[in-house]
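[1] have a look; sequence and predicted model below, questions after that.
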Amino acid sequence: MSPVFPTVREVLALGPVRHGAPRLVAGDAGLDRPVRWVHVTEVPDIAPLLSGGELVLTTGIGLPADDAGLRAFIGDLADVGVSGLVVELGRRYASAVPRVMAAAAQRRGLPLVELRRATPFVRITEAVHALIVDAQLTELRATEEIHQRFTELSVEGAGPGEVVRQAAELSGCPVVLENLSRQVLAYDPAGESAELLLDCWEQHSRRIRPAGRTAYDADNGWLVTTVGARGQDWGRLLLRWPGEGDLAADRRGFEPGEEGGAPVGVAAPPMAPPTRLTILVERAASTLALGRLIRRDAEGLERQIHRTLLTALLDHSLPVDEVSLRARALGVVLERRHLVGVMVRHRGDDPTGEGGPLAEPGHPAEAGAAGPQAGPARLRDLAEAVGQALREAKLTGLTSAVDDQAVGVLLALPEPAAEERALAAFATALRRTRPDAPARSNGAPPQGGAVLVAAGSGVAGLREARRSLIEARQIADAARRDRRDLPVFRLPHVGLAGLLHLLRDEPRLQTFVERELGALLAYDAQHPREQLLGTLRAYLEQGRNKSAAAGAAHLSRPAFYERLARIRRVLDVDLDSVEACLSLHVALLALDAIRTP
């Protein structure tokens, strides 16, 4: 991070400088340049001794007398990168600096300031250097607090909501965490109106385009950093910084004032956020990324080992041979077996963003009617029921809760032919033992298929088991609102829309949607009356029949054709290409899945 330095504008607001009745005569565009140091000189060839960022003070007694020499003096200072030039009147120049000097400074954008009253340069130097030291000390203390606060959050395994709240508290600014599809995962308005903050968020977010992984979008007033871990980005953290700080009241320009030389304030342009806020959003983003990798559990030792092995298969944290060896020690033989990943969950439960290695951000944790303890209790009961069903069906495998909503099973079968029979037996046994509803008052067992079973494709070896487990989890997610009471859900049951729905939190799918439709969504955000996305949807849903699509969109054919042409230009795509339209149609279905709660 760059050091903290005051700007020329802030230096001109200091008391010792004000005492000299300053007047800006040229270079107002450079008033927000940082001042790294103050240098006093009375010689014209000082530029080789400077390194840039200095505010040069002079009485002008040693400056060249000719116009060419003055132009060269200003040019040399600008070339070396000084922040500004302050000339005290009275010794060399009686009432104003030469016009040629002011013109040269204006051309180079170098702030040139006259001091119309004699002022000891040492007081200006002391004031500026004290401002630099104080600002850096304040920044250092703030940075230390930021690191300490977010280190504590990381150790505690704080959720996204708490991390965002702390970021807003430390900065005093609204903070928003969003996924790659511009959906809000967590936010804190920092005392402002949450409704105004989130109004039309997706359209507003698409206009925020910082130039870098962590950067400030001055046009929209947001400091943005990318959130991700292990090379997989899954969101953005945004902090609203309107370009005003604690010193905003003192950030003034200077023009000729009343008698006595008092400066007249003019509005200052927006300034970039201080370094501490950049550090803050990056530390908050790191904490959010790390939080997804930290999980705590309080299961028994055997169940912990089951979960460890299932997790190792999912995140490659252990070699496959070691997983096989440790599973055999538990009595579960995985070598030379037909393996099937299975997920069991309650219907209608929303997937959680903080539930485990399979979870993705953006979904609230379960909060049942019975209170915050009901979710963990139901999950424990479900895990016990799954274990009992495996024993009753005389099946072997690894089984454990894999997040806050689902229990995973890796079935180990002797041969592929046994797959359907084993899944049916397991589902039947689970229905007899499921804990999905309270018993009725007469003691009869609960009714209804409130527990669903989803199975992935069978695989021939342990190295492919991860694919089967993830597929099962995704099928369970997609089928949780399916009204059919199927014994076991498989991939053909969910279809393309279901497949996209279950993949809606996958960053790669969101990236695909952004790649295919991002330019069009951004265009619609800036031209809300046109809504070209609806035109594209009508065109694709009508099988690329332009006449039918125009009717479906309630547009005349010329108007519809003109919009199609605009879509071609915005997306740079051939809408007569079957392959291109197929890709766009899939992206539209994926966008619908992402936007569907």
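    That came through fine. Residues are numbered from 1 along each chain as shown.
[2] the stretch 151-300 of the chain: helices as residue ranges?
    160-171, 194-198, 201-206, 275-291 (DSSP state H, counting those that start in this stretch).
[3] kindly export the first one (C-alpha atoms) in PDB.
    Meaning helix 160-171. The C-alpha trace of helix 160-171 is given here as PDB (Å, rounded to 0.1, in the frame of the first residue of the first chain):
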ATOM      1  CA  PRO A 160     -20.600 -13.400   6.200                       C
ATOM      2  CA  GLY A 161     -23.100 -11.200   8.000                       C
ATOM      3  CA  GLU A 162     -20.900 -10.600  10.900                       C
ATOM      4  CA  VAL A 163     -17.800  -9.900   8.700                       C
ATOM      5  CA  VAL A 164     -19.800  -7.400   6.600                       C
ATOM      6  CA  ARG A 165     -21.200  -5.800   9.800                       C
ATOM      7  CA  GLN A 166     -17.700  -5.300  11.200                       C
ATOM      8  CA  ALA A 167     -16.400  -3.900   8.000                       C
ATOM      9  CA  ALA A 168     -19.300  -1.300   8.000                       C
ATOM     10  CA  GLU A 169     -18.600  -0.500  11.700                       C
ATOM     11  CA  LEU A 170     -14.900   0.100  11.100                       C
ATOM     12  CA  SER A 171     -15.300   2.100   8.000                       C
END
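[4] where does this structure have its least confident helix or strand?
    helix 495-502 (a mean of 76; mean pLDDT, DSSP states H and E).
[5] for that helix, packing partners?
    Judged by 3 or more Cβ pairs under 8 Å, 6 or more residues apart in numbering; DSSP states H and E, helix 495-502 is in contact with helix 465-479, helix 578-595. (C-beta placed from N, C-alpha, C; glycine too.)
[6] pick the most deeply packed of the ones you listed.
    helix 465-479 (a mean of 24; mean count of other Cβ atoms under 10 Å).
[7] quick one: that helix to helix 495-502, angle?
    Helix 465-479 and helix 495-502 are oriented at 100 degrees to each other (axes from the mean of the first three to the mean of the last three Cα atoms, to 10 degrees).
[8] other SSEs contacting helix 465-479?
    helix 301-315, strand 338-346, strand 406-413, strand 451-455, helix 495-502.
[9] residues touching the least confident helix or strand of the chain, excluding its own?
    Defining contact as Cβ atoms under 8 Å, 6 or more residues apart in numbering, one finds that helix 495-502 is touched by 474-475, 477-479, 482, 491, 494, 509, 586, 589-590, 592-593, 596.
[10] closest to Leu198 among those?
    Closest approach to Leu198 among the contacts of helix 495-502 (Cβ to Cβ): Thr596, at 18.3 Å.
[11] returning to that earlier point: adding distance to Arg347 and mean pLDDT, write the helices and strands packed on helix 495-502 out as TSV.
    Converted to TSV, these look like this (distance: least, Cβ to Cβ, whole Å; pLDDT from 0 to 100):
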stretch	distance to Arg347	mean pLDDT
helix 465-479	8	86
helix 578-595	19	90
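[12] picking that back up, what's the angle from the least confident helix or strand of the chain to helix 578-595?
    50 degrees.
[13] next structured bit after helix 495-502?
    Toward the C-terminus, helix 495-502 is succeeded by helix 507-526 as the next helix or strand (DSSP states H and E).
[14] okay, buried residues for that following helix please.
    Across helix 507-526, burial judged by 16 or more other Cβ atoms under 10 Å covers 507, 509-510, 512-514, 516-525.
[15] am I right that Ala26 is in contact with Arg99?
    No. With contact defined as Cβ atoms under 8 Å, Ala26 does not count as touching Arg99 (9.9 Å).
[16] more neighbours: these two, which one.
    Ala26 (25 against 12; other Cβ atoms under 10 Å).
[17] quick one on the thing from earlier: just send the helices and strands packed on helix 495-502 back as TSV, with distance to Arg108 too.
    Conversion of the helices and strands packed on helix 495-502 to TSV gives the following (distance: least, Cβ to Cβ, whole Å):
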stretch	distance to Arg108
helix 465-479	61
helix 578-595	50
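[18] and of those, who's closest to Arg91?
    Comparing the helices and strands packed on helix 495-502 by Cβ to Cβ, helix 578-595 comes nearest, at 70.0 Å.
[19] packing partners of that closest one?
    Checking 3+ Cβ pairs under 8 Å, 6+ apart, helix 578-595 ends up next to helix 495-502, helix 507-526, helix 532-541.
[20] mean confidence for the following helix or strand past the last one?
    Beyond helix 532-541 on the C-terminal side, the first helix or strand identified by DSSP H and E is helix 546-552. When the per-residue pLDDT values of helix 546-552 are averaged, the result is 91.
[21] ok, now stretch 117-131?
    Here the average pLDDT along stretch 117-131 is 87.
[22] and it, what's buried?
    Those would be Thr119, Phe121, Ile124, Thr125, Ala127, Val128, Leu131, for stretch 117-131 by 16+ other Cβ under 10 Å.
[23] CA atoms of the least confident helix or strand of the chain as CSV?
    Coordinates of each C-alpha in helix 495-502 appear next as CSV, following Å, rounded to 0.1, in the frame of the first residue of the first chain:
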residue,chain,number,x,y,z
GLY,A,495,-34.0,-32.0,-16.5
LEU,A,496,-32.1,-29.0,-17.9
ALA,A,497,-33.9,-26.4,-15.9
GLY,A,498,-33.4,-28.5,-12.7
LEU,A,499,-29.8,-29.0,-13.5
LEU,A,500,-29.2,-25.3,-14.0
HIS,A,501,-31.2,-24.6,-10.8
LEU,A,502,-29.0,-26.9,-8.8
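[24] angle of it against strand 451-455?
    110 degrees.
[25] identify each buried residue in helix 495-502, please.
    So for helix 495-502, counting by 16+ other Cβ under 10 Å, buried means Gly498, Leu499, Leu500, His501, Leu502.
[26] can you pull up the most central residue in the chain?
    For the chain, the residue sitting closest to the mean C-alpha position, by Cα atoms, centre = their mean, is Arg236 at 0.9 Å.
[27] how close does that residue get to Leu177?
    Distance, Arg236 to Leu177, using Cβ to Cβ, to the nearest Å: 8 Å.
[28] could you do Ala158 as well?
    As defined by Cβ to Cβ, Ala158 lies at a distance of 13 Å from Leu177.
[29] what segments of the stretch 1-150 of the chain are helices?
    Using DSSP H, counting those that start in this stretch, helices in the stretch 1-150 of the chain cover 8-12, 15-19, 67-80, 99-108, 121-156.
[30] joint contacts of Arg236 and Leu177?
    Val227.
[31] for Ile208, find the nearest of the helices and strands packed on helix 465-479.
    It's helix 495-502; of these, that one is closest to Ile208 (Cβ to Cβ) at 26.2 Å.
[32] tell me what angle the closest one forms with helix 507-526.
    90 degrees.
[33] re the thing from before, how about the helices and strands packed on helix 578-595 in JSON lines, adding distance to His316?
    Listed next are the helices and strands packed on helix 578-595 as JSON lines, based on distance: least, Cβ to Cβ, whole Å:
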{"stretch": "helix 495-502", "distance to His316": "22"}
{"stretch": "helix 507-526", "distance to His316": "17"}
{"stretch": "helix 532-541", "distance to His316": "38"}
